[in-house]
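In: Sequence first, then the predicted structure, then my questions.
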Amino acid sequence: MQTRQYLTGILCCLAATISWGAMFPVMTDALRHMDPFTFTALRYSIAGLAFVVLLLFREGPQALSLKGERWGLAWLFGSAGFAGFGFLVFLGQKLAGPSGALTASIMMATMPMLGLFVIWALRKVRPPLFSFGFILMSFCGVVLVITKGDFHAVTSEPSNFVANIPLILGALCWVFYTVGASYFPKWSPYRYTTMTTLLGLTTVFAVTIALILAGAIPQPTLAATVAVAPHLLYMALIAGLMGVLCWNIGNKILTPLNGVLFMDIVPITAFTLSTIAGVVPENMQVAGASLTAVSLLLNNLYQRRAQKKAAAVAVKPALAPAAGR
C-alpha cells in the first residue's frame with residue numbers, strides 16, 4: 001500500500017512538471033496572436049471555473065465561503081501566483097523572442113533556490129551555509145543560459161537581457177504563492193487553489209482592463225481568441241487544472257523536499273519540445289541547465305543529510321535514560 005502511494009506521488013509530480021515544461025513552447029505560438037495579459041485573464045477564467053466545479057464536487061458549497069477567513073491574505077497570495085506569475089513570466093518570454101521558452105523554463109528551475117530566500121524572509125528560517133553555495137552554483141547556471149557564455153554582452157548590450165527581469169520576478173511570485181499555502185493549514189489543496197484563483201482573478205482583470213483602457217495592449221478580437229483557443233485549453237486545463245492539482249497531491253505524498261527535484265523536468269521538457277520545433281539550445285545553454293539541475297540535486301541531498309543528523313541527535317537524549325537502567 002505504501003509503495004503504491006509513493007508511486008502515485010512520483011507519477012503526480014512527473015505529470016505536473018511535464019505539463020509545465022510543455023507550456024512554454026505552447027506559449028511561444030500563442031504570444032504571436034495575443035498579449036500575455038489578455039491571455040492570462042482568459043486562461044485563469046477557464047481554470048477558475050473548473051476549480052470551482054471540482055471544489056463543489058469534493059467539499060460542497062460551504063467550501064466557497066470566506067466568512068471568518070483571512071481572505072485578504074488569500075487575495076495577496078492569489079494575486080502573486082496568478083497575476084504576478086502569469087503576467088511577468090509570459091511577458092518576459094515574449095520579450096526574449098524565439099529562445100524565450102528555453103530561458104523561461106530555466107528560470108522556473110530556480111524556484112526551489114528562490115524558495116530558501118522567501119522562507120527566510122517570511123518564516124525567519126535562515127538557509128544553511130552550504131545552501132548559499134548551491135544557490136550561487138544555480139545562479140551561475142542561469143547566467144550561462146541567459147548569456148550563452150558571452151558574459152561581455154551583459155555590459156555591452158544590456159537591453160538584450162531586459163526580458164530576464166520579469167522572468168525572475170515571475171518565478172519569485174510563484175514561490176511566494178506556494179509558500180502561502182502554509183498560512184492556511186486547515187484548507188485542502190483544492191480549496192487553497194480555488195479560492196486564491198478566484199481572488200487573484202480580481203487583480204488579473206483589474207490590471208488587464210486598465211492596460212486596455214490606457215491603450216497599452218489591444219482589445220481582444222474574436223479572430224485572436226479563436227487562434228489561441230487550443231493554447232488556452234492546454235494552458236487552462238492541462239498546465240493549470242491538472243498540473244497544479246497533481247503538484248499539490250504529489251508533494252503531499254512525497255513531501256516538498258522530494259517533490260522539488262521534479263522541477264528539473266520543466267527545462268528538460270521545454271528543451272526537448274523547442275528542439276523538435278526547430279529552436280535548438282546552444283552548448284552553453286545546455287551546460288547552464290545541467291549546472292542548475294546539479295545544484296538543486298546537491299542541495300536536496302545536503303538537506304536530507306542535515307535532517308538525518310538532526311533526527312539522530314534528537315533520538316540520543318531519549319535513549320539515554322533507558323541505557324542507564
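Out: Now that the structure is in, tell me what you want to look at. Residues are numbered from 1 along each chain as shown.
In: For the host helix or strand of Phe117, buried residues please.
Out: Using DSSP states H and E, Phe117 maps to helix 111-123. Going by neighbour count (16 or more other C-beta atoms under 10 Å), the buried part of helix 111-123 is 111-116, 118-119. Placement of C-beta: from N, CA and C, glycine included.
In: can you tell me the helix or strand for the closest residue to Tyr234 other than its chain neighbours?
Out: Distance criterion C-beta to C-beta, 6 or more residues apart in numbering; nearest residue to Tyr234, sequence neighbours excluded, is Val26 at 5.5 Å. Val26 belongs to helix 2-30 when assigned by DSSP H and E.
In: following that helix, which helix or strand shows up next?
Out: helix 36-59.
In: from the middle of its chain, how far away would the following helix or strand past that next one be?
Out: Counting by DSSP H and E, the next helix or strand C-terminal to helix 36-59 is helix 71-78. Relative to the centre of its chain, helix 71-78 is centred 18 Å away, using C-alpha atoms, centre = their mean, to the nearest Å.
In: now for helix 71-78, which elements pack on it?
Out: In terms of contacts (3 or more C-beta pairs under 8 Å, 6 or more residues apart in numbering; DSSP states H and E), helix 71-78 is packed against helix 164-180, helix 189-213.
In: how about the longest one: buried residues?
Out: Spelled out, it's helix 189-213. By 16+ other C-beta under 10 Å, the buried positions in helix 189-213 come out as 190-201, 203-205, 207-208, 211-212.
In: For the helix holding Phe117, give me every contacting residue.
Out: By C-beta atoms under 8 Å, 6 or more residues apart in numbering, the list of residues contacting helix 111-123 from outside reads 125-127, 131, 134-135, 138-139, 171-172, 174-176, 178-179, 260, 263, 295-296, 299-300.
In: run the last query once more with 6 Å
Out: With contacts defined as C-beta atoms under 6 Å, 6 or more residues apart in numbering, helix 111-123 is touched by 125-127, 131, 135, 138, 171-172, 175-176, 179, 260, 296.
In: Name the nearest of those residues relative to Cys12.
Out: Of all the contacts of helix 111-123, Cys12 sits closest to Val260, with 13.7 Å by C-beta to C-beta.
In: before we move on, which element is the spatially closest residue to Pro128 that is not a sequence neighbour in?
Out: The shortest distance from Pro128 to any non-neighbouring residue, by C-beta to C-beta, 6+ apart, is to Ala306 (6.3 Å). Taking DSSP H and E as the criterion, Ala306 maps to helix 283-323.
In: related to what we said a few turns ago, what average pLDDT does the helix holding Val26 get?
Out: Averaging pLDDT along helix 2-30 gives 85.
In: likewise stretch 136-151?
Out: 72.
In: now swap in stretch 194-214 and tell me
Out: In this model, stretch 194-214 has a mean pLDDT of 96.
In: Kindly report the same for stretch 290-306.
Out: Average pLDDT, stretch 290-306: 73.
In: for that stretch, the distance to its chain's centre please.
Out: Centroid separation between stretch 290-306 and its chain, computed with C-alpha atoms, centre = their mean, is 18 Å.
In: same thing with stretch 175-191?
Out: 14 Å.
In: Can you get me the start-to-end distance on that stretch?
Out: Length of stretch 175-191, first residue to last, C-alpha to C-alpha, to the nearest Å: 18 Å.
In: Pull out the buried residues from that stretch.
Out: So for stretch 175-191, counting by 16+ other C-beta under 10 Å, buried means 175-181, 184, 187, 190-191.
In: right, and the helices and strands packed on helix 71-78 - which one's nearest Leu91?
Out: Leu91 sits nearest to helix 164-180 of all the helices and strands packed on helix 71-78, at 5.0 Å, using C-beta to C-beta.
In: if we can go back for a sec, pick the one among the buried residues of stretch 175-191 closest to Leu76.
Out: Using C-beta to C-beta, Gly180 comes nearest to Leu76 of the buried residues of stretch 175-191, at 7.7 Å.
In: Can you give me the distance of the closest one to Pro230?
Out: 31 Å (C-beta to C-beta, to the nearest Å).
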